[in-house]
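# structure, please.
(2 chains)
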Amino acid sequence: MRIATWNVNSVRARVDRAVAWLQRSDVDVVALQETKCKDAQFPYEAFREAGYEVAHVGLSQWNGVAVVSRVGLEDVEVGFPGQPGWSSSADVEAAPEARAIGATCGGVRVWSLYVPNGRSLEDPHLQYKLEWLAALRDAGAGWLAADPQAQVALCGDWNVAPQDDDVWDMSAFEGSTHVTQPERDAFYAVVDAGFADVVRPHAPGPGTYTYWDYKQLRFPRREGMRIDFALCSPALAARVGGASVDREERKGKGASDHAPVVVDLV
DNA sequence: ATGGCGTGGCATCCACGA
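Next up, the predicted model:
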């Protein structure tokens, strides 16, 4: 079975490319992030015609996550237990955002996660990000405590570069989010809870990235970030036979600013 | 020194992204 995670940066703008990529790459399950649409706007039909079922949650033009599968799609769960909400201002009640959806596909519990960006070091959004990751760690630890043999994939755009080699130039990130110690600690807390980055061993750095800004010729200059990860439970990590970042899909007109990350299970 | 792109929305500028 081949699973993948991909921040598509608008599923409607990318639907032809996304379906073509799925078929060309022989992918069974993909976790999509930043679909940027409401449920009713999702292009279900294009995926269905290609043989894929879709579980999606989208509440507005922001965020939006989906699990897309051709090997079954069961027990769909919108949001993880304890997932924090967000409020854009003090007089607005915090509400859940469309940043997490889980489904069981071919016996694997696949989560599509879009971790909050954090925006800037002074922004309340950064605290939200840290709380969100802490809650995810707790939820993940709970799943493994309930079933140590669970096959769980935490797939998504984590918006954290855990190692210095995960950005092209650390000096370009002074005073920025994504590389701070608290963010890295929050990421590694999930790892310490039992979820391993199964891609890095097969796609080592430096120079392996999953995101390149549209601006400043970042992609041709090979100036990117590794921020998209598939973190797998022990039982699932034991099945991983290979993994890669599909840098080719970042090329050309109409590409997302993120490349798909692919994991092969044996 | 700044911003340079791309997407979506009660749009013709704003919010958001990393």
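
# point to the residue nearest the middle of chain A.
Centroid-nearest residue in chain A, with C-alpha atoms, centre = their mean: A:G156, separated by 1.0 Å.

# test my guess that it contacts A:D228.
Yes: the pair A:G156 / A:D228 is scored as a contact, 6.9 Å apart, by C-beta atoms under 8 Å. Placement of C-beta: from N, CA and C, glycine included.

# can you list residues touching both of the two?
The contact sets of A:G156 and A:D228 overlap at A:5, A:7 (C-beta atoms under 8 Å, 6 or more residues apart in numbering).

# hmm, A:P234 and A:A196 touching each other?
Yes: using C-beta under 8 Å as the test, A:A196 is close enough to A:P234 to be in contact (7.4 Å).

# how about the residues of chain A that lie near DNA strand B?
Applying C-beta under 7 Å from any atom of the strand, we find that chain A lies next to DNA strand B at A:7, A:9-10, A:12-14, A:34, A:36-38, A:41, A:61-62, A:88, A:116-117, A:119-120, A:125, A:157, A:159, A:176-178, A:211, A:213-216, A:225, A:227, A:254, A:257.

# sort out for me which of those are in helices.
Secondary structure from DSSP state H places A:12-14, A:125 of the residues of chain A next to DNA strand B in helices.

# neighbour-wise, which of those leads?
Neighbour counts for these, by other C-beta atoms under 10 Å, peak at A:R14, which reaches 21 neighbours.

# dump the residue contacts of it.
Residues in contact with A:R14 (C-beta under 8 Å, 6+ apart) are A:8, A:254, A:256.

# swap the cut-off to 6 Å and go again
If you count contacts by C-beta atoms under 6 Å, 6 or more residues apart in numbering, A:R14 has them with A:8, A:256.

# pull out the buried positions in stretch A:240-252.
The neighbour-count check on stretch A:240-252 (16 or more other C-beta atoms under 10 Å) flags A:240, A:243-247, A:249-250 as buried.

# so what touches that stretch?
A:21, A:198-199, A:202-203, A:210, A:219, A:259-264, A:266.

# pull up the distance across that stretch, start to finish.
Start and end residues of stretch A:240-252 are separated by 30 Å (C-alpha to C-alpha, to the nearest Å).

# average pLDDT across that stretch?
Stretch A:240-252 comes out with an average pLDDT of 97.

# show me the helices in the stretch 1-150 of chain A, by range?
Taking DSSP state H, counting those that start in this stretch, the helices of the stretch 1-150 of chain A run over residues A:11-24, A:44-49, A:124-146.

# perfect, I'm done here.
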